[in-house]
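Visitor: quick one, what's the 3D model for this:
(chains A and B, ligands or ions: 2)
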Amino acid sequence: MNKGKIVSIHSFRGGTGKSNTTANLAAQVAMAGKRVGVVDTDIQSPGIHVLFGLDENKMGKTMNDFLHGTATIREIGFPIGDHVGGAEGLSKLAGKNLWLFPSSIRGREISQILRDGVDFNKLNEGLQTTISEFDLDYLFIDTHPGLNEETLLSIATSDVLIIILRPDNQDLQGTSVTVDIARSLDVPNLMLMVNKALPKYDFAEIKNEIEAKFNAPVAGVLPLSFDIAENASGDLFSLRYPDHQWSQALRGVAQAVLAVE
Amino acid sequence: MGSGESAYETVSGTGRRKIMNEDITRRLKESTMFNGLSDDALIALAEKTSLRKLAMGDVLMRKGDFGDSLFLIHEGWVKIVTTNSDGDELILNKCGPGESIGEMALLDQDPRSATVIALEDVEALELSRDVFEEILDQRPDVSFAVIRGYSRRLRFATNYIERAIDWTQKIAAGDYSFIDQTQPIIDQKNSNDNKAIQLLSAFFIMVRKVKEREDGLKKQLEKLTFEIDQVRRKQEFEEITGTEFYANLKEQAKTLRQKRTQQ
Ligand SMILES: Nc1ncnc2c1ncn2[C@@H]1O[C@H](COP(=O)(O)OP(=O)(O)O)[C@@H](O)[C@H]1O
Ligand SMILES: [Mg+2]
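Guide: Ligands and ions are numbered 1, 2, ... in the order given. As a prediction, this is how the structure comes out:
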């Protein structure tokens, strides 16, 4: 019996904080003792591996190899808990059950997969195998922004979809379409997360207004903070600065994920 | 004619000096620094000052110069300026009749901390370091007057800093109510503590600007949250869901979810 949940993290635009949020959510859920996987399906512009301290040299087989049938899921999973390195936040994950399933950062492999297209059944089989092979409680998917075919695939297969948006018109407009798509694809659990909110906004008001607009829960409103821009790359912010307002709100989102039945 | 003219000048010069000394004595008496002095002390002091005349735009002292005299503004107004990182002039203060400038450099021997420029025709009395130190040495009453002047300024500055700290903490907490409560004090243009008043007023202008910007951002948010274009939303949804790819995906997703719930 397969009980692991697929949690997709999506945003209408790039640069919204998807990779950063996915990595920190996965880390928080792993800290709570869960068995966690992170898949980078942002095949066009992968980036989440950096936050886990991985570079091209350390990276072995990738999701691209799996999609081409040249690698098994077993071979791809990179155990973060065994290779935490020196970064202060990351090192707290030592011994935790967290695996990263990276995308290739080689240009040729990226363009090849985009040309061939991703097969729904193959991807879905891959995700299900990931969950069963590693006995995962949660599999987080860092998706590509916008609504291209790969992203629609990830949404279709999700148990939980978290849509991240900035509190501005453009993101609200884009998010409205994604919300409609998620409902059309019967995603059982839909939640929103606001990131990069200017600290002087009334966060409670943002939450209320957006919840009313989309008739969906806002799991957290996270502030725009230069601390993150300065310190985030190469480490996990919420583990390194657990008392920061951003980290506290992020843990609220992790709680919401853990609360999903 | 030459000698006559020179004689006339000498007489006239002496006369002018005498009239001027009375004027200077009066100015000294009105100044914050020397207003505690007895009349004979003031007369003695007036004799040792020299007069500097400036036209509008003339520089009385330059930031970074070595300061070896103090000035007492006799007539007219000057501005005290520095430059910001972009090289633009920043007016720190304005000083007028009765006020003293540059006494800090005489005591701590550091270079001038700002540039002083005449805003109109200005007459200033210059007191050299030697004269100043000599007076301090010989006349305990002058020393006390100077010390009293300093301590008055220091006391006000400390008071001002305390209030500024309090306000800064309030701003950080988003509480701007003190602006309205404290407003009247910055309108007292003729107060003795002119510098502090001007600093306060600059501070209040800054706080008001910060508050305005903040209010502007709040308004922007309210506007933003009410602007989803429903027609566009529907159009884009139909574009995506109208494809064969999507129809297949929806079918597959449905089968997948049914399988999962059966498990
Ligand atoms: N709340 C925040 N405040 C400031 N910078 C942020 C915040 N969240 C993310 N960032 C920064 O924004 C950039 C984009 O984040 P990333 O997670 O890569 O976004 P995405 O995956 O959506 O493209 C990164 O430089 C990241 O450090
Ligand atoms: Mg990303």
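
Visitor: how close does the residue of chain B found nearest chain A sit to ligand 2?
Guide: Here the residue of chain B nearest chain A is B:Ala253; by CB to the nearest CB that distance is 3.8 Å. Bear in mind the C-beta positions are built from the backbone N, C-alpha and C, glycine included. Distance, B:Ala253 to ligand 2, using CB to the ion, to the nearest Å: 24 Å.

Visitor: neighbours around that residue, how many?
Guide: B:Ala253: 22 surrounding residues under other CB atoms under 10 Å in any protein chain shown.

Visitor: need phi/psi at the closest residue to ligand 2 within the stretch 151-261 of chain A.
Guide: The stretch 151-261 of chain A approaches ligand 2 most closely through A:Ile164 (10.4 Å), counting by CB to the ion. Dihedral angles of A:Ile164 (phi, psi; degrees, to the nearest 10) stand at phi -100, psi 130.

Visitor: please report the distance of the closest residue to it other than its chain neighbours from A:Lys213.
Guide: Of all residues not flanking A:Ile164 in the chain, A:Ser11 sits nearest, at 4.4 Å (CB to CB, 6 or more residues apart in numbering or on different chains). From A:Ser11 across to A:Lys213, the span is 17 Å (CB to CB, to the nearest Å).

Visitor: more crowded one of these two?
Guide: Set A:Ser11 next to A:Lys213 and count neighbours by other CB under 10 Å: A:Ser11 wins out with 26 against 17.

Visitor: that one and A:Asp142 touch, don't they?
Guide: No: using CB atoms under 8 Å, A:Ser11 is not in contact with A:Asp142, being 10.1 Å away.

Visitor: so what's residue 92 up against?
Guide: By default, I'm working from chain A. By CB atoms under 8 Å, 6 or more residues apart in numbering or on different chains, A:Lys92 lies in contact with A:Met31, A:Val84, A:Leu239.

Visitor: sorry, I should have been clearer: chain B.
Guide: Contacts for B:Leu92 (CB under 8 Å, 6+ apart) come out as B:Ile80, B:Val81, B:Thr82, B:Ala114.

Visitor: quick check, it in a strand?
Guide: Yes: under DSSP: H, G, I helix; E, B strand; the rest coil, B:Leu92 sits within a strand.

Visitor: what's the residue of the stretch 51-200 of chain A found nearest ligand 2 sitting at in phi/psi?
Guide: In the stretch 51-200 of chain A, no residue comes nearer to ligand 2 than A:Asp142, which is 6.0 Å away by CB to the ion. For A:Asp142, the backbone dihedrals (degrees, to the nearest 10) come out as phi -90, psi 110.

Visitor: one step back: overlap of the contact sets of A:Ser11 and A:Asp142?
Guide: Applying CB under 8 Å, 6+ apart, one finds that A:Ser11 and A:Asp142 are jointly contacted by A:Lys18.

Visitor: partner strands of the longest strand along chain A, parallel or antiparallel?
Guide: In chain A, with assignment by DSSP state E, the single longest strand is strand A:189-197. Strands that pair with strand A:189-197, judged by DSSP bridges, come out as strand A:160-165 (parallel), strand A:218-223 (parallel).

Visitor: and that strand, does that touch ligand 1?
Guide: Yes: judged by CB under 6 Å from any ligand atom, strand A:189-197 comes into contact with ligand 1 through A:Asn195, A:Lys196.

Visitor: if we go by neighbour counts, what in that strand is buried?
Guide: Buried positions in strand A:189-197, judged by neighbour count with 16 or more other CB atoms under 10 Å in any protein chain shown: A:Asn189, A:Leu190, A:Met191, A:Leu192, A:Met193, A:Val194, A:Asn195, A:Lys196, A:Ala197.

Visitor: show me the contacts for A:Ile210.
Guide: For A:Ile210, the contacting residues are A:Leu165, A:Pro167, A:Leu172, A:Leu192, A:Val194, A:Val218, B:Thr225, by CB under 8 Å, 6+ apart.

Visitor: out of these, who has the most neighbours?
Guide: Neighbour max across the contacts of A:Ile210 (other CB under 10 Å) = A:Leu165, 28 neighbours.

Visitor: if I follow the layout properly, that residue ends up in contact with A:Asp171?
Guide: Yes: counting by CB under 8 Å, A:Asp171 is a contact partner of A:Leu165 at 4.0 Å.

Visitor: next, show the common contact partners of those two.
Guide: A:Ser11, A:Phe12, A:Thr16.

Visitor: now, those residues that are in strands?
Guide: Per DSSP E, the shared contacts of A:Leu165 and A:Asp171 map to strands at A:Ser11.

Visitor: filter the shared contacts of A:Leu165 and A:Asp171 down to the ones close to ligand 1.
Guide: Answer for the shared contacts of A:Leu165 and A:Asp171 near ligand 1 (CB under 6 Å from any ligand atom): A:Ser11, A:Thr16.

Visitor: distance to A:Lys207 and pLDDT for the shared contacts of A:Leu165 and A:Asp171 - can I get that in JSON lines?
Guide: JSON lines is the format used below for the shared contacts of A:Leu165 and A:Asp171 (distance: CB to CB, whole Å; pLDDT from 0 to 100):
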{"residue": "A:Ser11", "distance to A:Lys207": "18", "pLDDT": "95"}
{"residue": "A:Phe12", "distance to A:Lys207": "19", "pLDDT": "92"}
{"residue": "A:Thr16", "distance to A:Lys207": "17", "pLDDT": "93"}
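
Visitor: and the shared contacts of A:Leu165 and A:Asp171 as JSON lines, adding distance to ligand 2?
Guide: JSON lines is the format used below for those (distance: CB to the ion, whole Å):
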{"residue": "A:Ser11", "distance to ligand 2": "9"}
{"residue": "A:Phe12", "distance to ligand 2": "13"}
{"residue": "A:Thr16", "distance to ligand 2": "9"}
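
Visitor: just the closest of the shared contacts of A:Leu165 and A:Asp171 to chain B, please.
Guide: Closest to chain B, out of all of the shared contacts of A:Leu165 and A:Asp171 and judged by CB to the nearest CB, is A:Phe12, at 10.6 Å.

Visitor: from what I see, the closest one and A:Leu165 are in contact.
Guide: Yes: the criterion here is CB under 8 Å, and A:Phe12 meets it with A:Leu165 at 6.7 Å.

Visitor: residues shared between the contacts of these two?
Guide: A:Asp171, A:Gly174, A:Thr175.

Visitor: now for the single longest helix found in chain B, which elements pack on it?
Guide: Secondary structure of chain B per DSSP state H: the longest helix is helix B:140-172. With contacts taken as 3 or more CB pairs under 8 Å, 6 or more residues apart in numbering or on different chains; DSSP states H and E, helix B:140-172 sits against helix B:39-47, helix B:129-138, helix B:194-224.

Visitor: 10 Å instead?
Guide: Helices and strands touching helix B:140-172, by 3 or more CB pairs under 10 Å, 6 or more residues apart in numbering or on different chains; DSSP states H and E, are helix B:39-47, helix B:103-108, helix B:129-138, helix B:178-182, helix B:194-224.

Visitor: from the contacts of A:Ile210, which shows the smallest pLDDT?
Guide: In terms of pLDDT, B:Thr225 ranks lowest among the contacts of A:Ile210, with 56.

Visitor: need phi/psi at the residue in chain A sticking out farthest from the centre.
Guide: Going by CA atoms, centre = their mean, the residue of chain A most distant from its centre is A:Lys200, 27.0 Å out. Torsion angles at A:Lys200 (phi, psi; degrees, to the nearest 10) stand at phi -80, psi -10.
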